[in-house]
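*Asks:* The sequence isn't on hand, but the structure is:
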């Protein structure tokens, strides 16, 4: 090696590599295994998918871009596309924000590590298991689904459940529906002649311990009557007639309504009878208010078509907020304390410190978390596959799931499936680009 | 079509099974020896002499996949145990999950298909046969089939004249199970016709019990409702044409059937949990809520005989608490819609053929018949093998129907129309349950999906 060459190397700070004879071949030799692996496992499948997406279901006829056209004209796939967009926008953002909040807060509290451990724990569960857990959590039956159990419990704290949900009069009885679930008598009532108010469709459970109904005594100067279940066990009862053994409906509110105003009200006794003061109630119509017959509150239809995607995103956030939190917490540890202290000394409030100092300093970490989660969300499959019931599978559909459903099984179209795969790849590219640029920038620093 | 016991639990088992299957496929590559001599098996099924001769298969492994879970799986494993005892082969049962076609398809793509699969859809059998995925029956299995099965069932298991499958398990889908106590309380009578059925439902509703439980979360329960009504109302000839999609779904007969069904689905007070409740109820729940607990949530559930297995999980006793009546006649006659599980060989091994031969025999049918929750299309099976009277009655009706039954329509269609959750007929009928007034819209969607799937 000549002196000139050596000095050249020194001048450039040792960054120039010396050419060794035969180094090209050597380099190729070292690269070959990696290239082979990459080629076989990444490049070839991509090329194959692109090619396959241009052929029909059988894989023999060339169809050009028809599969892509079919993809965007199919309602089901368009729903999947829309849902994927919702996923990519909402799930990483919510997870990151929650992670940031948890990270900043746990830094301040005494049991921070324990809290972090708990929030991070769902990460240790597989998506499949998490899906099964949340399928149960979102079950509409409050006896099984914890989400609805809480929801219904809270609801029922503020609104008492009706005593006889679902009860109603027979179609041509003295009582008729009068809007909003209430029932009113067809005619005005008179004092001194008892009113019969028969109802049906009372659940046997609600009647436990009910006494037999009694005919109300006619009392001058009072409007009296009976509310009872007009259904004889085992059948055979006469409609609209108080047969022996028919049960009383106790505790019901009976209102006398005149001109849209309630002028008197009473509650039925244990034998189903009630009495209203004749001076006010006579000439009014009797009404049984809707509140006593309202169907039991069934809770939220979490897995119905409308809420299924937000519900599944919720389960995703449950899993991945911990991941975001741990990364952000690590970033937070690297934020210089002096800066925060300086800001506080300068009179900044905690919120200002958070907004103006912590978040900007954390920005690179936040971008990493966000981008990682975005890539992760684009391929979301298992949670949707497991949680969504068949009746709302279509409303919950995402591209990765549609890719699977289009490609595998019988009676499938792998051309279409490949087109979806290529499209998913195109969606990932911009995110990958952002990620690569960031990594390169970091290396340069 | 198919029942999905607990979907989520099932998916877990599927995942586990997939891993296990992989391991087995690797392991099974090794040995393929086994004796060639014929011999009578050791076991005797139900205490009588074996009616079928099976080869010795010591050391061989057979992998069987079926959708069955829970009690059905346990009972099928009893049948497989007897096969193991008689031949010395090792049989592994792998639950496939509710998407059998998808499961087998991915296994074949991966190069490790199970030996034998129990398919539920005729359409799937034809597709597999066309692709060459399944192997024709061997001579022994054909002999059993000819001896024990009526022509209708043999034809169902064939593709273009070549026999491929053995219908091991049949189901009668034209039944309504009812809670006897709810009927007694309401003084309701067992209906024979559709108008009577609606009257009974109203009487039950008046008594404070939701009359009809519908498992709408599983699309196949809804196709069964439609098929029963259509077969009875429009007749078998139109049924066959619609099944082949020679008749369009926009046909007035479809409109009439959907309108009839809408007379039930459109009445929120007649469905347990209302429309939204029905859409979230899966098949097992639709049965258990009719018979489980102190006060049932529903009085009737229209379901095939295999609901008996699910009823068995509740405290209700079949025959006294849980009774059954034939699906009411909408037209002139009550319909008889059947389903069934057909065993096919995915590998042409001796052990796989031996298992098919065994499944076609009366010995195999007898084991599950004794265990309950099972109907065999095997006409040589002694009806006394059925342990409970209800199943015996259903079985007798099935055998007596001879070749007059019609196979489940959605199971004859390509899987993308009649056999996959969230698409095709399953999805369209769920939309119909959601909004039963939109008959024309549902018809249009059904026709569009059918045209795509059938390709004509």
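*Replies:* Arrived safely, thanks for sending. The model shown is predicted, which means the values in this text are computed figures rather than measured ones. Numbers count the residues shown, from 1 in each chain, chains lettered A, B, ... in the order given.
*Asks:* need the helices for the stretch 1-150 of chain A, in chain order.
*Replies:* Residue ranges of the helices in the stretch 1-150 of chain A, as given by DSSP state H, counting those that start in this stretch, are A:3-11, A:23-38, A:44-52, A:66-73, A:75-106, A:112-120, A:127-137, A:146-158.
*Asks:* Export those helices to JSON lines and append columns for mean pLDDT, mean neighbour count and distance to chain B.
*Replies:* Backbone N, C-alpha and C define where each C-beta goes, glycine included. Rendered in JSON lines, the data for those read as follows (pLDDT from 0 to 100; neighbours: other C-beta atoms under 10 Å in any protein chain shown; distance: least, C-beta to the nearest C-beta, whole Å):
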{"stretch": "helix A:3-11", "mean pLDDT": "48", "mean neighbour count": "10", "distance to chain B": "54"}
{"stretch": "helix A:23-38", "mean pLDDT": "91", "mean neighbour count": "10", "distance to chain B": "21"}
{"stretch": "helix A:44-52", "mean pLDDT": "95", "mean neighbour count": "14", "distance to chain B": "13"}
{"stretch": "helix A:66-73", "mean pLDDT": "91", "mean neighbour count": "16", "distance to chain B": "10"}
{"stretch": "helix A:75-106", "mean pLDDT": "93", "mean neighbour count": "19", "distance to chain B": "7"}
{"stretch": "helix A:112-120", "mean pLDDT": "88", "mean neighbour count": "15", "distance to chain B": "23"}
{"stretch": "helix A:127-137", "mean pLDDT": "93", "mean neighbour count": "20", "distance to chain B": "4"}
{"stretch": "helix A:146-158", "mean pLDDT": "88", "mean neighbour count": "14", "distance to chain B": "11"}
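*Asks:* Out of those helices, the one nearest residue B:424 is which?
*Replies:* Nearest to residue B:424 among the helices of the stretch 1-150 of chain A is helix A:75-106; the distance by C-beta to C-beta comes to 10.3 Å.
*Asks:* Show me what the closest one is packed against.
*Replies:* helix A:66-73, helix A:112-120, helix A:308-333, helix A:359-378, helix A:393-396, helix A:399-407 (3 or more C-beta pairs under 8 Å, 6 or more residues apart in numbering or on different chains; DSSP states H and E).
*Asks:* is the last one anywhere near chain B?
*Replies:* Yes. Remark: helix A:399-407 sits within contact range of chain B at residue A:405, by C-beta under 8 Å from any C-beta of the partner chain.
*Asks:* which residues sit against that helix?
*Replies:* A:76-77, A:80-81, A:84, A:378-381, A:384-385, A:412-414, A:416-418, A:420-421, A:423-424, A:427, B:420, B:422-423 (C-beta atoms under 8 Å, 6 or more residues apart in numbering or on different chains).
*Asks:* Next, the angle helix A:44-52 makes with it.
*Replies:* 60 degrees (axes from the mean of the first three to the mean of the last three C-alpha atoms, to 10 degrees).
*Asks:* ok, back up a step: in strands, which of the contacts of helix A:399-407 appear?
*Replies:* Residues of these located in strands (DSSP state E): none.
*Asks:* List buried residues within those residues.
*Replies:* Listed as buried from these are A:76-77, A:80-81, A:84, A:378, A:380, A:384-385, A:412-414, A:416-418, A:420-421, A:423-424, A:427, B:420, B:422-423; burial here means 16 or more other C-beta atoms under 10 Å in any protein chain shown.
*Asks:* where does the stretch 201-350 of chain A come near chain B, residue by residue?
*Replies:* Close to chain B, as judged by C-beta under 8 Å from any C-beta, the stretch 201-350 of chain A has residues A:201-207, A:231-236, A:298, A:301, A:303-304.
*Asks:* Now do the buried residues in stretch B:284-303.
*Replies:* Within stretch B:284-303, the residues that count as buried by 16+ other C-beta under 10 Å are B:284-292, B:296-303.
*Asks:* Residue B:58 against residue B:90, yeah?
*Replies:* No. In this structure residue B:58 lies outside contact range of residue B:90 using C-beta atoms under 8 Å: 9.3 Å.
*Asks:* which of the two has more neighbours?
*Replies:* Applying other C-beta atoms under 10 Å in any protein chain shown to residue B:58 and residue B:90 shows that residue B:90 carries more neighbours, namely 17 against 11.
*Asks:* So in terms of bridging, what pairs with that one?
*Replies:* Beta bridges link residue B:90 to residue B:61, judged by DSSP bridges.
*Asks:* Return the distance of it relative to chain A.
*Replies:* 28 Å (C-beta to the nearest C-beta, to the nearest Å).
*Asks:* Then residue B:330?
*Replies:* 24 Å.
*Asks:* who's in contact with stretch A:232-239?
*Replies:* A:170, A:173, A:198, A:230-231, A:243, A:245-246, B:184-188, B:203, B:207.
*Asks:* let's see 10 Å
*Replies:* With C-beta atoms under 10 Å, 6 or more residues apart in numbering or on different chains as the test, stretch A:232-239 has contacts from A:170-173, A:198, A:200, A:204, A:207, A:229-231, A:243-247, B:183-189, B:203, B:206-207.
*Asks:* Only whichever of the residues you listed are buried, select them in PyMOL.
*Replies:* Applied in PyMOL, the following selects the buried portion of the contacts of stretch A:232-239 according to 16+ other C-beta under 10 Å:
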select buried, (chain A and resi 170+173+198+200+204+207+229+230+231+246+247) or (chain B and resi 183+185+186+187+188+203+206+207)
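*Asks:* From the contacts of stretch A:232-239, which land in strands?
*Replies:* A:198, A:229.
*Asks:* Could you give the number of residues near the closest residue to chain B within the stretch 251-400 of chain A?
*Replies:* Using C-beta to the nearest C-beta, the closest approach of the stretch 251-400 of chain A to chain B is made by residue A:393 at 3.1 Å. Neighbour count for residue A:393, taken as other C-beta under 10 Å: 26.
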